[in-house]
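Trainee: Here is a sequence with its predicted model. Questions after.
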Amino acid sequence: MAQHNPWPDEGNTGHIWDEDLRELDNPPPLWWMLSFYAGFIMIVFYSLYYPTIPLTDGTGEFTKGMAEWTQVEEYHDDYAVLKDWRKAKFADKEEKLAALSVDEIIKDDDLRSYAVATSKVLFGDYCAACHGAGGQGNPNFPVLADDDWLWGGKPAQIEASLVNGRIGNMPAKGMMGNLNEQEISDVADYVIALSEGKGDDAAYAAGKAVYTKGMCMACHGPAGKPLAPAGAANLTDQVWRFSSDRAEVINVITNGVNVKKDGQYIAGTKQAVMPSFKERLPNADVNIKRLTVYVHALGGGQ
């Protein structure tokens, strides 16, 4: 920056670069100053006209403004208009959903597509926390997008699960004294072998004997596959309700599922409870049908 000012009467600030580049000190135009001051006036106007100023009484309230307008009220008004429009546009489909059974809805391609499309938000709000956004299942919760079902994947069975809820039940073989530690270890190895297709190998003969003795076959079937869907897992596939880790398999056999003592869950038992949605869902009669169709359409419906 130059040390002298060749233009002392120009009204510059004295800051000069490269011999002739300088910073001037002219007042802003009148129109700019008027706009600047008008901005302050508009701040006062907005503060008085719209809800703006928080109160200091700790209630979280604020001045309502002379207009008595809020974005929340406008949102509710607009949403009411949207709901009325949707109700009028899709009234015929909603009437059909209410009148028809789930099986009849699934057979109607147009109505099935409508039920699936209108179920995504419901599923996200009420089901995705446990079963994942796409039915892929979060850890320790069932996958809905495959064809492995504890309680059956037919429309009527899915609907019954939503209406009544489901409570898993597996006795604690260790707590009951039904099996000792060695027997639990042997049957755990056999269960893992079943999932790998090695259940008949001679190396797992001891576990197979325990499987029969411990009455595992009563629920899981003689060969590890339940004879009917009643909440028992299929042990012959590689779909695990909890985990295929050997220590976890031993824990489940030892402490069971939903095992209580004196009204409290015992240490180590797995909690597997799905609540009933007949009281949880708005407009439950129709929305349970809607969700049934959606879950059936995720890919694993039978």
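Mentor: Alright, I've got the coordinates.
Trainee: ok, now how distant is residue 261 from residue 26?
Mentor: Residue 261 sits at a distance of 87 Å from residue 26 (criterion: C-beta to C-beta, to the nearest Å). Any C-beta I mention is one placed from the backbone N, CA and C, and that applies to glycine too.
Trainee: more neighbours, the two?
Mentor: Each of residue 261 and residue 26 has its neighbours counted (other C-beta atoms under 10 Å); residue 261 has more, 11 against 8.
Trainee: who does the more buried one bridge with?
Mentor: The bridge-partner assignment for residue 261, based on DSSP bridges, gives residue 264.
Trainee: State the pLDDT value of it.
Mentor: Residue 261 is assigned a pLDDT of 88 by the prediction.
Trainee: cool, residue 300 as well?
Mentor: Listed pLDDT for residue 300 reads 66.
Trainee: cool, residue 15 as well?
Mentor: Residue-level confidence at residue 15 comes out at 82, pLDDT.
Trainee: same check, this time on residue 187
Mentor: Per-residue confidence (pLDDT) for residue 187: 92.
Trainee: buried stuff in the helix or strand containing it?
Mentor: Following DSSP states H and E, one finds residue 187 within helix 181-195. Neighbour-count burial for helix 181-195, counted by 16 or more other C-beta atoms under 10 Å, picks out 183-195.
Trainee: Residue 53 and residue 62, how far apart?
Mentor: For residue 53, the distance to residue 62 equals 6 Å [C-beta to C-beta].
Trainee: Please disregard the earlier target; I meant residue 131.
Mentor: Using C-beta to C-beta, which is the criterion applied here, residue 131 is 41 Å from residue 62.
Trainee: do residue 220 as well
Mentor: Plainly put, residue 220 is 62 Å away from residue 62 if you go by C-beta to C-beta.
Trainee: So for these two, which residue has more residues nearby?
Mentor: Neighbour tally, residue 220 and residue 62, criterion other C-beta under 10 Å: the higher count belongs to residue 220, 21 against 12.
Trainee: can you give me the helices for the protein?
Mentor: Listed in chain order, the helices of the chain (DSSP state H) span 30-49, 71-89, 91-99, 102-107, 109-117, 120-126, 128-131, 155-164, 173-176, 181-195, 205-213, 217-220, 246-255, 284-297.
Trainee: Need the winner for burial among the ones you listed.
Mentor: Of all the helices of the chain, helix 284-297 carries the top mean neighbour count, a mean of 21, counting by mean count of other C-beta atoms under 10 Å.
Trainee: which outside residues touch that helix?
Mentor: 94, 97-98, 101-102, 105-106, 112, 115-116, 118-120, 122-123, 126-127, 135, 144, 153, 155, 158-159, 162-163, 277-278, 281, 301 (C-beta atoms under 8 Å, 6 or more residues apart in numbering).
Trainee: Nearest residue to residue 248 in space, please, no chain neighbours.
Mentor: Distances taken as C-beta to C-beta, 6 or more residues apart in numbering place residue 242 nearest to residue 248, at 5.9 Å, with adjacent residues excluded.
Trainee: One more: residue 183?
Mentor: Taking C-beta to C-beta, 6+ apart, and ignoring the residues beside it in sequence, residue 183 has residue 210 as its nearest neighbour in space, at 4.6 Å.
Trainee: How about residue 194?
Mentor: Closest residue in space to residue 194, ignoring its immediate chain neighbours: residue 224 at 4.2 Å, by C-beta to C-beta, 6+ apart.
Trainee: Pull the number of nearby residues for the one you found.
Mentor: Burial of residue 224 is recorded as 21 neighbouring residues (other C-beta under 10 Å).
Trainee: Local confidence estimate at it?
Mentor: According to the predicted model, the pLDDT of residue 224 comes to 87.
Trainee: ok, now how distant is it from residue 199?
Mentor: Taking C-beta to C-beta as the criterion, residue 224 is separated from residue 199 by 6 Å.
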